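Trainee: Fold the following, please.
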Amino acid sequence: MTSSSARPRSSGASRPEDPPLASGRTPRVAAARRLTRRPRRDDERRFLAEGPQAVREALALAPDAPGAPSLLLGTPSALARYAELVASARVPVIPVDEAGMAGLSETVSPQGLVAVCSFLDVPLSVVSAAAPRLVAVLAEIQDPGNAGTVLRTADAAGAGGVVFTDGSVDPYNGKCVRASAGSLFHPPVVRGAPAEAAVASLREAGLQVLAADGYGEADLDDLADAGALGKPTAWVFGNEARGLPESLAELADARVRIPIHGRAESLNLAAAAAVCLYASARAQRRAGQ
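Mentor: Residues are numbered from 1 along each chain as shown. Prediction:
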């Protein structure tokens, strides 16, 4: 008599197993990891977009558009968490183990989802020819988190372009891309333009050039009250520690300080950029620009 607790016999059929996860040694994962280095990015004109927001914006592009992804990689947990986003991908999707994904991130807390994308920067002439009303120029900004945050803020303020000068961090740096939270894919981005040439080109396009300077002679509130911020404007932001080079600051129509009403010594770069860009955006909307 058979016990009711006895296990059923195996039918002999083998149970299909999940395919093994790709690792850091898998060729396509290893090739993607090499894009964490700028020389390789420059050679291949491809970069890594990490995190769900950046991946979402990349996947929204037409397949042949600048910035469009060619490959999506993710840990099983991330692919499951963002299943709807992954389902929209029109590119190969590769599940990768945790260690392999960690090698694709330039941040301390990887988000487990990375797209390999084509470069999307444009020549300076493209931005100038579009007659933008608001442009952010990053001159010798070195911190990728700051640069990405300024890019994100410029996008939110409705800027028609963001210029990374030749002395600034690479906009395709992993930390910069992540800090931009997908905004790298929105306004036209110029990469590696000579700073003085950028100022000259934007001025020729009809923009006034204002240099953010904590010791500037012009007060931001006074300019706003006088209606000066309603004009098409290129804001130039300098290095976090050194500020703007004197030769570049001299080319500006005005050096503008943000008034400090409390006891803080100053604002950090990203906060100052947000104040300046939004002051111009508000004035331009009021002026019907």
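Trainee: Report the distance from stretch 45-55 to the chain centre.
Mentor: What separates the centre of stretch 45-55 from the centre of its chain is 9 Å, taken as CA atoms, centre = their mean, to the nearest Å.
Trainee: Next: stretch 118-126.
Mentor: Going by CA atoms, centre = their mean, the spacing between the C-alpha centre of stretch 118-126 and its chain's C-alpha centre is 14 Å.
Trainee: cool, and stretch 143-152?
Mentor: Taking CA atoms, centre = their mean, one finds stretch 143-152 lying 7 Å from the centre of the chain it belongs to.
Trainee: now what about it, what contacts it?
Mentor: Residues from elsewhere that reach stretch 143-152 (CB atoms under 8 Å, 6 or more residues apart in numbering): 136, 138, 141, 162, 164, 168-171, 173-181, 183-184, 187, 189, 237, 240, 268-270, 273. C-betas here are computed from N, CA, C, even on glycine.
Trainee: Sort out which of those are buried, if you could.
Mentor: Buried residues within the contacts of stretch 143-152, counting neighbours by 16 or more other CB atoms under 10 Å: 136, 138, 141, 162, 164, 168-171, 173-181, 183-184, 187, 189, 237, 269-270, 273.
Trainee: So this protein: which segments form each domain?
Mentor: Dividing the chain into domains by automatic domain parsing, as the record does, gives the ranges 27-118, 124-286.
Trainee: Now do the end-to-end distance for the first one.
Mentor: The one in question is domain 27-118. Start and end residues of domain 27-118 are separated by 19 Å (CA to CA, to the nearest Å).
Trainee: With stretch 242-255 instead?
Mentor: Stretch 242-255 has an end-to-end distance of 15 Å (CA to CA).
Trainee: picking that back up, looking at the contacts of stretch 143-152, which are in strands?
Mentor: Among the contacts of stretch 143-152, the members falling in strands are 136, 138, 162, 164, 189, 237 (criterion: DSSP state E).
Trainee: Next, give me the two most distant ones among the residues you listed.
Mentor: Distance extremes for the ones in strands among the contacts of stretch 143-152: the farthest pair is V189 and F237 at 14.9 Å, using CB to CB.
Trainee: Just the ones of the buried ones among the contacts of stretch 143-152 in helices?
Mentor: 174-180, 269-270, 273 (DSSP state H).
Trainee: any chance of these in CSV, plus pLDDT?
Mentor: Supplementary listing: these in CSV, determined by pLDDT from 0 to 100:
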residue, pLDDT
G174, 94
K175, 94
C176, 96
V177, 96
R178, 94
A179, 95
S180, 96
L269, 92
A270, 94
A273, 96
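Trainee: Could I get those in a markdown table, plus columns for distance to A129?
Mentor: Rendered in a markdown table, the data for those read as follows (distance: CB to CB, whole Å):
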| residue | distance to A129 |
| --- | --- |
| G174 | 31 |
| K175 | 31 |
| C176 | 26 |
| V177 | 26 |
| R178 | 30 |
| A179 | 28 |
| S180 | 24 |
| L269 | 28 |
| A270 | 29 |
| A273 | 24 |
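Trainee: which parts of stretch 212-219 are buried?
Mentor: Along stretch 212-219, these residues count as buried under the neighbour rule (16+ other CB under 10 Å): 212-213, 216, 218.
Trainee: from the residues you listed, which is closest to M101?
Mentor: Of all the buried residues of stretch 212-219, the one with the least separation from M101 (CB to CB) is A212, at 37.7 Å.
Trainee: show me the contacts for that closest one.
Mentor: 235-238, 244, 256, 258, 272-273, 276.
Trainee: One more: A78?
Mentor: Contacts here follow CB under 8 Å, 6+ apart; on that basis A78 touches 101, 111-113.
Trainee: Pick out whichever of those residues sits closest to Q208.
Mentor: Ranking those by separation from Q208, with CB to CB as the measure, puts Q111 on top at 39.5 Å.
Trainee: measure that closest one to R242 for me?
Mentor: Using CB to CB, to the nearest Å, one obtains 33 Å as the distance from Q111 to R242.
Trainee: Please name the nearest non-neighbouring residue to A200.
Mentor: Of all residues not flanking A200 in the chain, L251 sits nearest, at 7.6 Å (CB to CB, 6 or more residues apart in numbering).
Trainee: any idea how far T233 is from the one you found?
Mentor: Here the criterion is CB to CB. By it, L251 lies 14 Å from T233.
Trainee: Same drill for these two, tell me which one is more crowded.
Mentor: Neighbour count, other CB atoms under 10 Å: between L251 and T233, T233 has more, with 28 against 17.
Trainee: what about the nearest residue to that one once chain neighbours are set aside, which SS state?
Mentor: In space, T233 comes closest to S280 once its chain neighbours are excluded; the distance is 4.9 Å by CB to CB, 6+ apart. State at S280, reduced to three classes by DSSP: H, G, I helix; E, B strand; the rest coil: helix.
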